[in-house]
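Asker: The sequence isn't on hand, but the structure is:
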Ligand SMILES: *Cc1c(COP(=O)(O)O)cnc(C)c1O
């Protein structure tokens, strides 16, 4: 059953209240945590329902699907976050369409993205994706390579990108309830990076999804990426890259 507008509004209110409670329990201000509504594999009409309920930040993981939706939605209040693995041949479409990229993990990608942003006359906010759990099936930098990566990134002096912090996806097969160690490790790494390279480039921590965003907030998340808790399960019907016409 597809969700109705009022269900999406109710889910959103519930997620926001859980964010507030998790922030309060951690002694943090709720405004320090931004909700990224992950709309991947969901039709544009759901995004419009979320916008009507007051949600403006959205996460997408493929360029083509995002562009199709963005063209239909075309609302200047929206802010788009790219959270998927980026293929370099799709990268030119990122600046201008996305304010943030959460998945930087190679210097080559950084250079090409910066060039594309400069060509488009904008600057894109980036987060380094860290493979905290050292999961061989996952993209992202191993934690132990982050310092040297940032050294090379700073040496390359790329004007089109602005480094803002770290992101992790983490193990997917982990038993829910046991993610705090990974989140704490990412926070520790960000603190170490801030000491070494300056806090301006390491103030953001993108971590936590539907199953574990409260744990991520307890460990310092500033951005939580929530999809299924807001829009419902992503079933095969939503795998199509174009929203169904109706
Ligand atoms: C799909 C996805 C999410 C959202 O996952 P849910 O469990 O549906 O909340 C968050 N982050 C990334 C990188 C994703 O690919």
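Answerer: Happy to help now that I have it. Predicted model, so just to flag it, every value in this text is computed and none were measured.
Asker: going forward, measure contacts and count neighbours with C-alpha atoms only.
Answerer: Will do.
Asker: Buried ones in the lengthiest helix in the chain, by neighbour count?
Answerer: Secondary structure of the chain per DSSP state H: the longest helix is helix 5-25. When burial is assessed from 16 or more other CA atoms under 10 Å, helix 5-25 yields the following buried residues: 5, 7-9, 11-12, 15-16, 19-23.
Asker: likewise stretch 59-75?
Answerer: Using 16+ other CA under 10 Å as the test for burial, stretch 59-75 gives 59, 60, 61, 62, 63, 65, 66, 67, 69, 70.
Asker: Equivalent analysis for stretch 116-127, please.
Answerer: In stretch 116-127, counting by 16+ other CA under 10 Å, buried: 116, 117, 118, 123, 124, 125, 126, 127.
Asker: from those, which ones fall inside helices?
Answerer: Judged by DSSP H, the subset of those located in helices is 116, 117, 118.
Asker: For the last one, give me its contacts.
Answerer: Contacts here follow CA atoms under 8 Å, 6 or more residues apart in numbering; on that basis residue 118 touches 159, 160.
Asker: Can you get me a residue count around residue 148?
Answerer: The tally of other residues near residue 148 (other CA atoms under 10 Å) stands at 10.
Asker: Can you give me the pLDDT of it?
Answerer: Listed pLDDT for residue 148 reads 98.
Asker: Repeat that for residue 170.
Answerer: 75.
Asker: The helix or strand hosting residue 193 - contacts with which helices or strands?
Answerer: Element membership of residue 193, judged by DSSP states H and E, is helix 180-197. Secondary-structure packing of helix 180-197 (3 or more CA pairs under 8 Å, 6 or more residues apart in numbering; DSSP states H and E): strand 161-167, strand 204-206, helix 213-218.
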